[in-house]
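Student: Need coordinates for the following:
(2 chains)
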2 protein chains.
Amino acid sequence: MADMMSPLATPFPAIPPIAGVRLATVRAGYKAWDRDDMTLALFDEDTTVAGVTTQSKCPSPEVEWCRSALPLGRARALVVNAGNSNAFTGAKGRAAVEAITARVATAAGCQPSDVFVSSTGVIGVPLPIPTAEGGVDLALAAPEANWEKVAAAISTTDTFPKGAMATAIVDGRTVTIAGVIKGSGMIAPDMATMLGFLFTDAAVEPAFLQQILSAANGRSFSCITVDGDTSTSDTVLAFATGKAGNAPLGSFDDAGADAFAAALQNVCLQLAQLVVRDGEGASKFIEIAVEGATSDESARTIALSIANSPLVKTAIAGEDANWGRIVMAVGKAGEPAERDRLSIRFGDTQVATGGLAAEGYDEAPVAAHLKGQDVRIGVDIGLGEGRATVWTCDLTHGYISINADYRS
Amino acid sequence: MADMMSPLATPFPAIPPIAGVRLATVRAGYKAWDRDDMTLALFDEDTTVAGVTTQSKCPSPEVEWCRSALPLGRARALVVNAGNSNAFTGAKGRAAVEAITARVATAAGCQPSDVFVSSTGVIGVPLPIPTAEGGVDLALAAPEANWEKVAAAISTTDTFPKGAMATAIVDGRTVTIAGVIKGSGMIAPDMATMLGFLFTDAAVEPAFLQQILSAANGRSFSCITVDGDTSTSDTVLAFATGKAGNAPLGSFDDAGADAFAAALQNVCLQLAQLVVRDGEGASKFIEIAVEGATSDESARTIALSIANSPLVKTAIAGEDANWGRIVMAVGKAGEPAERDRLSIRFGDTQVATGGLAAEGYDEAPVAAHLKGQDVRIGVDIGLGEGRATVWTCDLTHGYISINADYRS
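Tutor: Now for the predicted structure:
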């Protein structure tokens, strides 16, 4: 992890072990650094899995591997490599993934397709197979690790380890969902990937796990942006060991399914917001809530247009209530909008309404709001019922320094 | 204009007067500054006009005025205000445009719809009508100005005046196309707008002028990006006085129409590239050529995804041949692409080909190329015949300083 912690960092929460999951972190040695850079999670039999992966047209071999294994719905192991994303490495990269999964499958007594792999780091350099195999051997013999060690071992340019948890009552039993995530830019310097992993002791059918993970993803990971740049390796996987002993959840008709889905959504949202709080160079956490759009999807497109605008992000960095830039970003989104129905709010203060500046609005609470670390922008399009909320950070000299000043 | 000139600035070229165009610049006083901030161009009778305006859903009243007047195809005057964009000002902003056009129309003996208006500057403050009317009166009595004075008077945070010209032989006569443009960010600090104006002594039917201007726009102004932020006021207008005496050009069947269209395209391209050279904080001029896409439009989408990626732009600022970020930007564009067919070139050096790093490529010419001010990136998608070239600049601390460090 980087030396200087994000000013928006939060402490790592207390997260209990998840029954049926055994964690280990070791130093495989993907880079010349003194830290663990390989994580191995072993799952008991009958663990189910679901996942969402990058929309990139140029995904890593790890992403392709996970995509082909996910429809089977079963998992016995997860390997995460940090320091080398193995992306854009052709057949050599694919060979590394096959070597890792074969070695773990042999040791765990399962099929290679039960082994999931994610890698994050430099693009274009094939993952060195001897290093990976050595790491797997060390990890198989390593003592059990906790969640904070795992969160640190999967990180690259992250400035703090990121994890979250939630519980739900399902079938009369308390089930726990633990999650860890890494990501700072969508791509950090020469590094790729937002990787997120959720683990629960609940019993969940894989198709239903996929359904609620996909829905949660649409309102969490898909609603954050640091710089608008989509990684070649983005992956979120959820593993359910079933050790809580509940009757397996197969649909929303099952008792506790709503509570479980809400808890999973909650963990996803916590993890997603932690990534924004570790955004490269971030000094402000920004929530952008759009309402009154013609549809929820239209609202999300407008909200992301605002969240990805470098001029909006630099204005917030400068603590400048520059709502003209919000108008610009709404206008460029390409979605239905009418200038004369548009209203804009900073914090709780209406600054523009019905097509022009709010007459004589009080600038003092706006200035005070923008001086804080958490900034809220509200936009009412005034046309319909569509709404969406997204989260981003500001754009500062820190982002330029991280991405331009240091050569790879 | 800003105090510090862009390192990519070029000298203002020699551009002759255009017969049938009378130019004046004056200080209306939109801001407390000691410079001309209103430009008036008067055109002789029978001048035709064509134009393209912003795609923003929240355009300025000036853009709406131009859009409604353009179908008539005739122009007698152009007024350009600098220092206040009049955007997002509702009925008050519309009243200011009507006051300006009425006053000029009375003096010039024409209809208000023959008078075109563009404004650039702060968003959300109605253009003060007495200031605008006083400026018009001064401009009507002012001595004739040259193109360099006009280029300076329409500028806001631009760091140098920008103009271009070309000639063509039409119907046995040499016709001249002169152009001026302003723009530095798509929006500068609290300022809006790229405004471009072309003037020719050729006789051109308005529908044909519109046809060739739209085509030229698609390969020039629509192929540049500084920060991906689209202004509320972007406008390019072309005026043709007909004083060269050629038989009016009405279609590509007319003698000289091809030459004229090529010259107009050339002026548009020169002007568009000058805006990139004055990009906020720019230290490198970047050309991105994409070939092998499934269509020209797909190639343009991919090229703009690369050109708008903050991670690509910061890598170039850092003189870092980080082709992994190019892969990322191709992948996120959402257009057909296959990792294993992708090739990437910096300058004349192939750095990646067929899905992985080019074996043992020579880094010396790549490093030398990236140290220069003009950087060329080539991407071959390897799927089809579609191609497009776009231009952008790098993303530096200068951009952050301009947009975040100074409060409005």
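Student: Which residue ranges of the stretch 251-400 of chain A form strands?
Tutor: For the stretch 251-400 of chain A, strands defined by DSSP state E, counting those that start in this stretch occupy the ranges A:285-293, A:343-346, A:349-353, A:356-357, A:374-380, A:386-393.
Student: Figure out how far the last one is from the centre of its chain.
Tutor: Yep, that's strand A:386-393 we're talking about. In terms of CA atoms, centre = their mean, to the nearest Å, the centre of strand A:386-393 is set 15 Å apart from its chain centre.
Student: Select the longest helix from chain A.
Tutor: With secondary structure taken from DSSP state H, chain A has its longest helix at helix A:257-277.
Student: Surely A:Asn322 is in contact with A:Ser309?
Tutor: No: between A:Asn322 and A:Ser309 there is no contact under CB atoms under 8 Å: 10.8 Å. Every residue, glycine included, has its C-beta placed from N, CA and C.
Student: What's the local residue count around whichever residue of the stretch 251-400 of chain A sits closest to chain B?
Tutor: With CB to the nearest CB, the shortest gap between the stretch 251-400 of chain A and chain B falls at A:Gly324, namely 2.9 Å. Using other CB atoms under 10 Å in any protein chain shown as the criterion, A:Gly324 is surrounded by 26 other residues.
Student: which residue packs closest to it, ignoring adjacent ones?
Tutor: Of all residues not flanking A:Gly324 in the chain, B:Ile123 sits nearest, at 2.9 Å (CB to CB, 6 or more residues apart in numbering or on different chains).
Student: you'd agree the one you found is up against B:Thr232?
Tutor: Yes: with contact defined as CB under 8 Å, B:Ile123 reaches B:Thr232; the gap is 6.7 Å.
Student: list residues touching both of those two?
Tutor: Listed as contacting both B:Ile123 and B:Thr232 by CB atoms under 8 Å, 6 or more residues apart in numbering or on different chains are A:327-328, B:85, B:87-88, B:192.
Student: Can you tell me which of those has the most neighbours?
Tutor: Greatest neighbour count in these, by other CB under 10 Å, goes to B:Ala192: 35 neighbours.
Student: closest to A:Ser119 among the shared contacts of B:Ile123 and B:Thr232?
Tutor: A:Met328 (38.5 Å; CB to CB).
Student: A:Ala142 and A:Ala153, how far apart?
Tutor: 11 Å (CB to CB, to the nearest Å).
Student: List the residues that contact A:Phe88.
Tutor: A:58, A:60, A:123-124, A:232, B:324, B:327, B:339, B:342, B:352, B:355-357.
Student: please redo it, this time with the cut-off set to 6 Å
Tutor: A:Phe88 makes contact with A:123-124, B:327 under the criterion CB atoms under 6 Å, 6 or more residues apart in numbering or on different chains.
Student: Can you list which of these are found in helices?
Tutor: B:Val327.
Student: Can you redo the contacts of A:Phe88 as a markdown table, where the extra columns are pLDDT?
Tutor: Putting those into a markdown table (pLDDT from 0 to 100) gives the following:
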| residue | pLDDT |
| --- | --- |
| A:Ile123 | 82 |
| A:Gly124 | 83 |
| B:Val327 | 89 |
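Student: Check which residues of the longest helix of chain A are buried.
Tutor: Neighbour-count burial for helix A:257-277, counted by 16 or more other CB atoms under 10 Å in any protein chain shown, picks out A:257, A:259-261, A:263-277.
Student: What does the pLDDT read for the closest residue to A:Gly279 other than its chain neighbours?
Tutor: Nearest in space to A:Gly279, with sequence neighbours left out and distances taken as CB to CB, 6+ apart, is A:Cys393 at 3.6 Å. For A:Cys393, the pLDDT comes out at 92.
Student: Please report the distance of A:Cys393 from B:Asp362.
Tutor: As for A:Cys393, its distance to B:Asp362 is 39 Å (criterion: CB to CB).
Student: In terms of neighbours, single out the busier of those two.
Tutor: A:Cys393 (29 against 10).
Student: How about the contacts made by the more buried one?
Tutor: A:276, A:279, A:282.
Student: right, and the strands of the stretch 251-400 of chain A - which one's nearest A:Pro128?
Tutor: Closest approach to A:Pro128 among the strands of the stretch 251-400 of chain A (CB to CB): strand A:386-393, 34.0 Å.
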